[in-house]
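Asker: from the sequence below, what's the structure:
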Amino acid sequence: MTTTTDHTPESGPEPEPPPADAPAPPRAARLIHTESTTEIPVHLLFRDDPDPAPVHLRPAVVGRRQGTGEQPRLRRPAPERPRPVVRVDPELAERPARVLPGAAGVAAGLCGAAGCVAASWWAGVLPPLAAGALGLPVSAPAAGLGPAQWAVYAGAGALGLFGFGGLARGRTGRAWVLGLFGRYRGTVRRTGLLWVNPLLLRRRVDVRLRHWRSEPMQAADRSGVALRVVVLVVWRVRDTARATLGVEDHETYLRECVEAALLRVPVEAPGAGTGAMEAAQDALTRLVAEDTAPVGVEVFAVRPVRVEYAPEVAAAMHRRRIAALDAQHRASVLTSVVDSVEDTVTRLTMRGLVELDDYERKVLVRDLTVAFCAGRGETGP
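Answerer: Presented below is the predicted three-dimensional model:
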């Protein structure tokens with residue numbers, strides 16, 4: 001007798017099934033990473049999950065290589081380059097120079113001249129007539145020209161040369177930039193008779209309000225059409241030290257800055273409105289003022305006073321302008337004719353002078369249009 005025993009594995013209590021209205025547990029999002037693609041969620045490729053878990057992707061700038069057929073690659077946005085700033089030696093700034101009133105120079109020169117006369121009288125070389133005119137004793141001991149007399153001559157002559165040689169006249173609107181052995185020693189803006197050390201090198205600078213009218217310069221409008229522009233620049237020297245020592249020639253530098261600004265700012269073509277011209281003027285003034293401020297030049301206005309097309313495009317733009325004016329004239333004439341025809345037909349119908357069907361109305365409109373157009377062409381606009 002054979003006994004069969006069923007070996008049933010013992011197991012624990014079966015888990016209770018979740019309720020029907022319970023939400024499904026979120027599934028972990030899987031991502032595909034390659035060197036030529038960005039992060040792609042797997043559930044976007046295989047739509048097996050009706051409610052996939054949201055995946056937060058990093059923002060990226062994608063660019064595609066032209067003509068290679070490759071997938072786009074990540075690119076970082078190019079940072080904006082700041083505009084270069086003109087820098088000058090920060091220690092180079094205008095400061096007043098040490099000068100003396102002109103009376104001091106005159107007094108020193110007179111003292112030097114008196115010392116030379118006294119040395120001549122002492123040496124006995126002064127004529128008796130000159131000695132009497134100066135109130136000196138005629139019978140002076142003739143000591144001769146010895147070392148003492150030559151020393152007096154040298155000292156008195158140096159004093160006279162320094163006194164009279166340092167006299168200068170300061171004018172309103174003019175200044176002197178002083179230098180000694182290549183070193184800046186100050187600026188003189190005072191007026192009247194002054195005494196300045198004659199050993200200092202003087203550079204005269206005009207600090208008045210000045211204007212400069214340029215020659216025709218290259219420019220372009222918003223469409224890139226070549227123009228020739230004449231500008232009027234109102235400016236003055238604000239810092240004489242930087243304008244003289246910070247740049248080789250501040251007037252040439254100003255002209256080059258104006259020319260560079262004209263290439264960066266689009267100027268409106270001839271015939272544009274005043275608003276567009278004022279906007280271009282403000283932009284030009286701002287750019288030139290920013291470029292010239294570090295070298296001590298203050299710009300108040302850069303005004304385009306004459307704008308014309310370049311010679312190579314002047315003929316074509318003239319024909320284009322004539323065609324545009326002709327088209328505008330034709331449109332205005334046509335609008336006037338259509339309004340006149342409509343007004344005529346409406347008045348005839350409203351007053352009951354004629355009764356027209358559709359065909360007769362079309363014929364009347366055609367005849368009136370031809371008549372009005374012929375009359376406009378004969379009499380002009």
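
Asker: buried ones in the longest helix along the chain, by neighbour count?
Answerer: In the chain, with assignment by DSSP state H, the single longest helix is helix 311-350. Buried residues in helix 311-350, defined by neighbour count with 16 or more other Cβ atoms under 10 Å: 317, 333, 337, 340-341, 345, 348. All C-beta spots, glycine's among them, are computed from the backbone N, C-alpha and C.

Asker: helices along the stretch 51-200 of the chain, start to end?
Answerer: 102-123, 128-133, 147-165 (DSSP state H, counting those that start in this stretch).

Asker: may I ask you to confirm that residue 299 belongs to a strand?
Answerer: Yes: with DSSP: H, G, I helix; E, B strand; the rest coil as the criterion, residue 299 is located in a strand.

Asker: quick check: phi and psi at residue 220.
Answerer: Note on residue 220: backbone dihedrals following degrees, to the nearest 10 are phi -150, psi 150.

Asker: neighbours of it, how many?
Answerer: Residue 220 has 18 neighbours, counted by other Cβ atoms under 10 Å.

Asker: need the pLDDT of it.
Answerer: Note on residue 220: pLDDT of 85.

Asker: and residue 289, by the same measure?
Answerer: The model's pLDDT for residue 289 equals 94.

Asker: then residue 20?
Answerer: Residue 20 is assigned a predicted lDDT (pLDDT) of 53.

Asker: and if you look at residue 248?
Answerer: At residue 248, pLDDT is 90.

Asker: tell me the secondary structure at it.
Answerer: Criterion first, three-state DSSP; result for residue 248: coil.

Asker: now do the strands in the protein.
Answerer: For the chain, strands defined by DSSP state E occupy the ranges 31-32, 40-41, 61-63, 73-75, 100-101, 167-170, 174-180, 183-188, 192-195, 201-206, 210-213, 217-220, 226-237, 297-309.

Asker: where does pLDDT dip in the chain?
Answerer: For the chain, the stretches flagged by pLDDT under 70 are 1-90, 127-144, 270-273, 313-320, 375-381.

Asker: domains in it, by residue range?
Answerer: 100-206, 210-309, 314-379 (automatic domain parsing).

Asker: can I get stretch 358-376 in PDB? Just the C-alpha atoms.
Answerer: C-alpha atoms of stretch 358-376 as PDB (Å, rounded to 0.1, in the frame of the first residue of the first chain):
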ATOM      1  CA  ASP A 358     -26.700  96.900 -61.200                       C
ATOM      2  CA  TYR A 359     -25.600  97.000 -64.800                       C
ATOM      3  CA  GLU A 360     -26.300 100.600 -65.300                       C
ATOM      4  CA  ARG A 361     -24.700 101.500 -62.000                       C
ATOM      5  CA  LYS A 362     -21.500  99.700 -63.100                       C
ATOM      6  CA  VAL A 363     -21.500 101.500 -66.400                       C
ATOM      7  CA  LEU A 364     -22.000 104.900 -64.700                       C
ATOM      8  CA  VAL A 365     -19.200 104.200 -62.200                       C
ATOM      9  CA  ARG A 366     -16.800 103.200 -65.000                       C
ATOM     10  CA  ASP A 367     -17.600 106.300 -67.100                       C
ATOM     11  CA  LEU A 368     -17.300 108.700 -64.100                       C
ATOM     12  CA  THR A 369     -14.000 107.100 -63.100                       C
ATOM     13  CA  VAL A 370     -12.600 107.500 -66.600                       C
ATOM     14  CA  ALA A 371     -13.800 111.100 -66.700                       C
ATOM     15  CA  PHE A 372     -12.400 112.000 -63.300                       C
ATOM     16  CA  CYS A 373      -9.000 110.300 -64.000                       C
ATOM     17  CA  ALA A 374      -8.700 112.200 -67.300                       C
ATOM     18  CA  GLY A 375      -9.500 115.500 -65.700                       C
ATOM     19  CA  ARG A 376      -7.000 114.900 -62.900                       C
END
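
Asker: now do that stretch: everything it contacts.
Answerer: Contact partners of stretch 358-376, identified using Cβ atoms under 8 Å, 6 or more residues apart in numbering, comprise 333, 336-338, 340-341, 344-345, 356.

Asker: do that again at 6 Å, thanks
Answerer: 333, 337, 340-341, 344 (Cβ atoms under 6 Å, 6 or more residues apart in numbering).

Asker: looking at the residues you listed, spot the one nearest residue 171.
Answerer: residue 333 (65.3 Å; Cβ to Cβ).

Asker: just list whatever residues bridge to residue 180.
Answerer: For residue 180, the beta-bridge partners are residue 183 (DSSP bridges).

Asker: residue 170 is in contact with residue 190, correct?
Answerer: Yes: under the criterion of Cβ atoms under 6 Å, residue 190 makes contact with residue 170 at 4.9 Å.

Asker: quick check: neighbours shared by these two?
Answerer: With Cβ under 6 Å, 6+ apart applied, the contact sets of residue 190 and residue 170 do not overlap.

Asker: picking that back up, can you put the helices of the stretch 51-200 of the chain in JSON lines and add distance to residue 250 and mean neighbour count?
Answerer: Output for those, formatted as JSON lines (distance: least, Cβ to Cβ, whole Å; neighbours: other Cβ atoms under 10 Å):
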{"stretch": "helix 102-123", "distance to residue 250": "30", "mean neighbour count": "18"}
{"stretch": "helix 128-133", "distance to residue 250": "53", "mean neighbour count": "12"}
{"stretch": "helix 147-165", "distance to residue 250": "29", "mean neighbour count": "15"}
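
Asker: among the ones you listed, which comes closest to residue 240?
Answerer: Here helix 102-123 is closest among the helices of the stretch 51-200 of the chain (Cβ to Cβ), at 21.4 Å.

Asker: what comes up buried for stretch 233-253?
Answerer: For stretch 233-253, by 16+ other Cβ under 10 Å, it's 233, 235-247, 250, 253.

Asker: which of those residues sits closest to residue 325?
Answerer: residue 233 (33.7 Å).

Asker: the residue lying closest to the closest one once chain neighbours are set aside: neighbouring residues, count only.
Answerer: Take residue 233 and drop its neighbours on the chain: the residue closest to it by Cβ to Cβ, 6 or more residues apart in numbering is residue 212, 4.7 Å away. Residues contacting residue 212 under the criterion other Cβ under 10 Å number 14.
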